[in-house]
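Trainee: predicted model and sequence below, questions to follow.
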2 protein chains.
Amino acid sequence: MEQFEKNNKNKIVRGAKRATYDKQQIFSILDAGCICHISFVINGEPFIIPTAYGRDGEFIYVHGSIKSRTMKAMTKGVPVCMAVTHLDGLVLARSAFHHSANYRSVILFGTAKQVESNTDKNHGLFVITENILKGRWEECRLPSQKELDITAVLKFKIESASAKIRTGGPVDEQDDYALDVWAGELPIITKYASPVADEKLRADIAVSNAAILAWQNANG
Amino acid sequence: MEQFEKNNKNKIVRGAKRATYDKQQIFSILDAGCICHISFVINGEPFIIPTAYGRDGEFIYVHGSIKSRTMKAMTKGVPVCMAVTHLDGLVLARSAFHHSANYRSVILFGTAKQVESNTDKNHGLFVITENILKGRWEECRLPSQKELDITAVLKFKIESASAKIRTGGPVDEQDDYALDVWAGELPIITKYASPVADEKLRADIAVSNAAILAWQNANG
């Protein structure tokens, strides 16, 4: 299976047993989320923003207002580090020390640049919108020229990446299994509730198919 | 109400209507989460890690292995930026442009330093554990000297912070309300499922009270 190459930036030192560089695993963790955290450096200091994103092959798109400080900071080919984290459960061990979490987490590195043409901007916005809610792009009114002009779309190649995945119950010290302490997992579920119509929605409009599909997928 | 002072780092420029610097609101968003993203700079480049955290007044604690690269990078009084983000729903507008999300998000800035004494380390680990699962610290075996020695606990004062909060339905362009497009919110629910006992759990041990309380709080 195709892997991201290990280097000084993406190599996982601690918990290496939980690490993977496999592209398909990394992509599937990315595609299961819709909000990432991106960090970048301004004047030598770290900044972080939560933002929507979308993946197109080995490229990531994010967007924002052209007036946003963070968009301005990231337009000119700056290094970024991006994280997508799904928390799947708390792992309660018999000792405080061995408490852990079940999770799927990706860290990736790239160099963000602003895309320029209308075609590329629209493609980036399509990728982001479809990652958040598949099928929504074709349901709604697409961006006008004025809207495109005030939207910054950033694109970057995933230069390197790694994932960490933990599943299963606690792993305790041998002596601790005799303790009178409950141990196990407290699973965390994230899902959609039923769609709630806008107060101003016309009464003759059927619920979004994209929303129904997302709700059905989340509720088995 | 007490506020964090605005400065160049924490001042929110875009979406200022959704911004708050109120300490109680910021603390309540922090206390509602258990995984944060922390960014820091190594050799001028941004890095980010997801990690557990806990708040004690205006101080944040995080921890990790003393062998972890990221812990090593953060021990010596380096600037960090930390984010806690709760995604509460997708907001589906009639236009692609006005799609949004409902969320509660905090960004904060501080200078991380390693705590040294056993007392301070134990306090930090208590704060982190209790933030993740209230009541768990007194249920489990507390850290041994050996465990404390291989655990790095970092502490930093919240030097500045801001929060953004969005709630409610979509806000569309006046002309778009006439479109045949469904609009509304797709709420996102995050909750605990029932606790799952460790396979190796002795049959005579009752379920953790801390886990039961967390599950009850999450399920009304």
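Mentor: Nice, I can see it.
Trainee: report the secondary structure state of whichever residue of chain A sits closest to chain B.
Mentor: Chain A approaches chain B most closely through A:Ser39 (3.4 Å), counting by CB to the nearest CB. Quick note: C-beta positions are derived from backbone N, CA and C, even for glycine. Here A:Ser39 is strand, with the state taken from DSSP: H, G, I helix; E, B strand; the rest coil.
Trainee: who's it bridged to?
Mentor: Legend: beta-bridge partners of A:Ser39 under DSSP bridges are A:Ile48, A:Cys81.
Trainee: for the least confident helix or strand in chain A by mean pLDDT, the distance to its chain's centre please.
Mentor: None of the helices or strands of chain A scores lower by mean pLDDT, DSSP states H and E than helix A:69-74, at a mean of 80. Distance of helix A:69-74 from the chain centroid (CA atoms, centre = their mean, to the nearest Å) equals 19 Å.
Trainee: where's the closest residue to A:Asp56 other than its chain neighbours, which helix or strand?
Mentor: Nearest non-adjacent residue to A:Asp56, counting by CB to CB, 6 or more residues apart in numbering or on different chains: A:Val127, 4.7 Å away. Assessed by DSSP states H and E, A:Val127 sits inside helix A:118-132.
Trainee: and the helix or strand following that helix, which residues are buried?
Mentor: Once helix A:118-132 ends, the next helix or strand along the chain (criterion: DSSP H and E) is helix A:145-149. Buried positions in helix A:145-149, judged by neighbour count with 16 or more other CB atoms under 10 Å in any protein chain shown: A:Glu147, A:Leu148.
Trainee: sorry, back to before: just the buried residues of the helix holding A:Val127, please?
Mentor: So, applying 16+ other CB under 10 Å, buried residues of helix A:118-132: A:Lys121, A:Asn122, A:His123, A:Gly124, A:Leu125, A:Phe126, A:Val127, A:Ile128, A:Thr129, A:Glu130, A:Asn131, A:Ile132.
Trainee: wait, the second one sits on A:Glu147?
Mentor: What that stands for is A:Asn122. No. Counting by CB atoms under 8 Å, A:Asn122 does not reach A:Glu147; the two are 10.4 Å apart.
Trainee: so what are the domain limits for chain A?
Mentor: With domains defined by automatic domain parsing, chain A comprises A:16-189, A:191-220.
Trainee: just name the most buried of the ones you listed.
Mentor: domain A:16-189 (a mean of 19; mean count of other CB atoms under 10 Å in any protein chain shown).
Trainee: now stretch A:116-125: how far from the chain's centre is it?
Mentor: The answer for stretch A:116-125 is 21 Å, by CA atoms, centre = their mean.
Trainee: quick one: contacts of that stretch?
Mentor: A:54, A:56, A:61, A:63, A:115, A:142-143, A:145, A:148, A:151, A:153-155, B:96 (CB atoms under 8 Å, 6 or more residues apart in numbering or on different chains).
Trainee: over to stretch A:130-141?
Mentor: Taking CB under 8 Å, 6+ apart as the rule, stretch A:130-141 contacts A:31, A:34, A:52-55, A:126, A:129, A:208-211, A:213-214, B:90, B:92-97, B:99, B:176, B:179, B:181-182, B:186.
Trainee: kindly recompute the last result at 7 Å.
Mentor: A:31, A:34, A:52-55, A:126, A:129, A:208-211, A:213-214, B:90, B:92-96, B:176, B:179, B:181 (CB atoms under 7 Å, 6 or more residues apart in numbering or on different chains).
Trainee: same deal with stretch A:186-196?
Mentor: By CB under 7 Å, 6+ apart, stretch A:186-196 touches A:87-90, A:92, A:207-208, A:211, A:214-215, A:218-219, B:184-193, B:195-196, B:211, B:214-215.
Trainee: so of these, which ones are in helices?
Mentor: A:Ala211, A:Ala214, A:Trp215, A:Ala218, B:Ala211, B:Ala214, B:Trp215 (DSSP state H).
Trainee: A:Leu179 contacts A:Ala93, doesn't it?
Mentor: No. The criterion here is CB atoms under 7 Å, and A:Leu179 misses it with A:Ala93 at 10.2 Å.
Trainee: low-confidence stretches in chain A?
Mentor: For chain A, not a single residue meets the criterion pLDDT under 70.
Trainee: which residue lies farthest from the center of it?
Mentor: A:Ala178 (40.2 Å; CA atoms, centre = their mean).
Trainee: how about it, phi and psi?
Mentor: Backbone torsions for A:Ala178, taken as degrees, to the nearest 10, come to phi -80, psi -10.
Trainee: for it, give its distance to B:Gly168.
Mentor: Noted for A:Ala178: a distance of 53 Å to B:Gly168, by CB to CB, to the nearest Å.
Trainee: same check on A:Ile26?
Mentor: Applying CB to CB to A:Ile26 and B:Gly168 gives a distance of 35 Å.
Trainee: also A:Ala152?
Mentor: 25 Å.
Trainee: likewise for A:Ser100?
Mentor: Counting by CB to CB, the gap from A:Ser100 to B:Gly168 is 37 Å.
Trainee: strands of chain A, residue ranges please.
Mentor: According to DSSP state E, chain A carries its strands in the segments A:19-20, A:35-42, A:45-52, A:54-56, A:59-65, A:76-92, A:100-114, A:151-157, A:160-166, A:184-192, A:196-197.
Trainee: columns distance to B:Ala19 on top of those, output as TSV?
Mentor: Formatted as TSV, the strands of chain A follow (distance: least, CB to CB, whole Å):
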stretch	distance to B:Ala19
strand A:19-20	37
strand A:35-42	18
strand A:45-52	13
strand A:54-56	26
strand A:59-65	14
strand A:76-92	23
strand A:100-114	24
strand A:151-157	20
strand A:160-166	32
strand A:184-192	26
strand A:196-197	25
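Trainee: for B:Gly15, which of those strands is the nearest?
Mentor: strand A:59-65 (8.5 Å; CB to CB).
Trainee: figure out how far that closest one is from the centre of its chain.
Mentor: 12 Å.
Trainee: check which strands are paired with it and give the direction for each one.
Mentor: For strand A:59-65, pairing defined by DSSP bridges yields strand A:54-56 (antiparallel), strand A:151-157 (antiparallel).
Trainee: JSON lines for the ones you listed, including distance to A:Val80?
Mentor: Shown next, in JSON lines, are those (distance: least, CB to CB, whole Å):
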{"stretch": "strand A:54-56", "distance to A:Val80": "14"}
{"stretch": "strand A:151-157", "distance to A:Val80": "6"}
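Trainee: now, which of the contacts of stretch A:116-125 sits nearest A:Met71?
Mentor: A:Leu154 (7.0 Å).
Trainee: for A:Val41, what are its contacts?
Mentor: B:Val41, B:Gly44, B:Glu45, B:Pro46.
Trainee: now do 8 Å
Mentor: A:Phe47, A:Val78, A:Pro79, B:Val41, B:Gly44, B:Glu45, B:Pro46.
Trainee: could you do A:Asn209 as well?
Mentor: A:Gly135, A:Glu139.
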